[in-house]
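Novice: here is my input, please return the structure:
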Amino acid sequence: MIVTPVQRRLLVVDPCDDCHDLLPGLRTAGWEVDSCALQAVGERSCDVGLLRLQPSHLERPEAVKALIGRSGTEWIAVLSPDVLRLQNVGDFVCEWFFDFHTLPFDVSRVQVTIGRAFGMARLRGKGYAPVDEPHELLGDSRPIRELRKLLAKLAPTESPVLIRGDSGTGKELVAKTLHRQSQRHAKPFVAINCGAIPEHLIQSELFGHEKGAFTGAHQRKVGRIEAANGGTLFLDEIGDLPLELQANLLRFLQEKHIERVGGSQPIPVDVRVLAATHVNLEAAVETGAFREDLYYRLNVLQVVTAPLRERHGDVAMLANHFSRFYSRETGRRPRSFSEHALVAMGQHPWPGNVRELANRVRRGLVLAEGRQIEAVDLGLQSQQALSAPMATLEDYKHRAERQALCDVLDRHSDNLSVAARVLGISRPTFYRLLHKHQIR
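Specialist: Down below sits the predicted model:
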């Protein structure tokens, strides 16, 4: 059996003179080595990057973050003794680099560090697609696999589809997938949230209006339905559509043409209609809040999205995806999740579904202080922590006392007399408490 060697790509950015002795040994060890200037990093593909960190990089850190903050690449900072002494270098390296190496190079140590970085790059990339690619339906759970299979069957048809599911389960992503896999994929995909537009404007938004049709109509406006001609029209929260507009929509579905507000000429429109709702339309039909004839027009084919709590095993994959996706927005390096955070996410019921997960990860990226996102950064606690036995009153007093000492030392560690006065105790008592809590 012939084993194909794994390709290992190393990019050296702004190589220094010290690199000349290092690179031949790396090539001999099987590395495919390339080099470039910092500005050209975005044009190169690599598993591991070596960057000679300069004082100018610390003066304009955003430029460096934008270029090296790419998914699937681990970076190692190369620091000269002078740069190592700069004030902010420690925080910057810890935030954005897998590891660092000081000059002059220790060749054997560098090779070990690069090897570990390569392993981490492969682990981070395993099973996940690059952030820039459109992957609407991430996950490998049984519900998501069955959903993909169903969409592949429904997409080529021209029939209307009713998409049902809880808020935050990705109903619009399902609609986009149906459009992307249909014969209309090169034509417009137009979405309208029927519950987000004021009732007095929704008719104009859907059907458009002629100039002078009403006060403020200074020019002709093409409606959303007409704008989707040839493509797909997605009506989100269709259950919130007023009854009068339901009648107009039904007429369009039957006759395949519209009339703009203030107009009299029928305009033929060819669209495929997808609708979504999180409410019980059958109950709405019974109470008269939704037209029965429209319900049957829309509910030709049906898709049901599963809540996140039923997608066992997908939470960690989605969390890592959102960590990479929102790292650009937050200006922070993508982070992995601690064991406690993964446990807490696995135990959380996710009432807000995927939308809630995305928002919690977004928050975690901003709040995380270590190399990993913790449960507290996500605003979550594991059930184990929640069910921990209550402590005694003395335990609570002990914790509060220690926390007070730590807080005051954060601000006044250079003057213990001031620290004691802030706490309202004498200096000897302050020293006794430091000794009691073993705070040095």
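
Novice: which residue, neighbours along the chain excluded, lies closest to L50?
Specialist: The shortest distance from L50 to any non-neighbouring residue, by CB to CB, 6 or more residues apart in numbering, is to V12 (4.8 Å). C-beta coordinates here come from the backbone N, C-alpha and C atoms, glycine included.

Novice: what's the helix or strand for the one you found?
Specialist: In this structure, V12 sits in strand 8-13 according to DSSP states H and E.

Novice: got the CA positions of whichever strand or helix holds Q403 in PDB?
Specialist: Using DSSP H and E, the element containing Q403 is helix 393-412. Extracted C-alpha coordinates of helix 393-412, given in PDB (Å, rounded to 0.1, in the frame of the first residue of the first chain):
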ATOM      1  CA  LEU A 393     -23.100  31.000  55.500                       C
ATOM      2  CA  GLU A 394     -19.500  30.900  56.600                       C
ATOM      3  CA  ASP A 395     -18.500  29.700  53.200                       C
ATOM      4  CA  TYR A 396     -20.300  32.700  51.600                       C
ATOM      5  CA  LYS A 397     -18.700  35.100  54.000                       C
ATOM      6  CA  HIS A 398     -15.300  33.600  53.300                       C
ATOM      7  CA  ARG A 399     -15.800  34.000  49.500                       C
ATOM      8  CA  ALA A 400     -17.100  37.600  49.900                       C
ATOM      9  CA  GLU A 401     -14.100  38.500  52.100                       C
ATOM     10  CA  ARG A 402     -11.600  37.200  49.600                       C
ATOM     11  CA  GLN A 403     -13.400  38.800  46.700                       C
ATOM     12  CA  ALA A 404     -13.300  42.200  48.500                       C
ATOM     13  CA  LEU A 405      -9.500  41.800  49.000                       C
ATOM     14  CA  CYS A 406      -8.900  40.900  45.400                       C
ATOM     15  CA  ASP A 407     -11.000  43.800  44.100                       C
ATOM     16  CA  VAL A 408      -9.300  46.400  46.200                       C
ATOM     17  CA  LEU A 409      -5.800  45.100  45.400                       C
ATOM     18  CA  ASP A 410      -6.600  45.400  41.700                       C
ATOM     19  CA  ARG A 411      -6.800  49.100  42.200                       C
ATOM     20  CA  HIS A 412      -4.500  49.800  45.100                       C
END
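
Novice: mind listing the strands for the stretch 251-400 of the chain?
Specialist: 257-258, 267-268, 272-277, 301-304, 336-337, 372-373 (DSSP state E, counting those that start in this stretch).

Novice: the ones you listed: which one's closest to E32?
Specialist: Closest to E32 of the strands of the stretch 251-400 of the chain is strand 336-337 (CB to CB; 26.4 Å).
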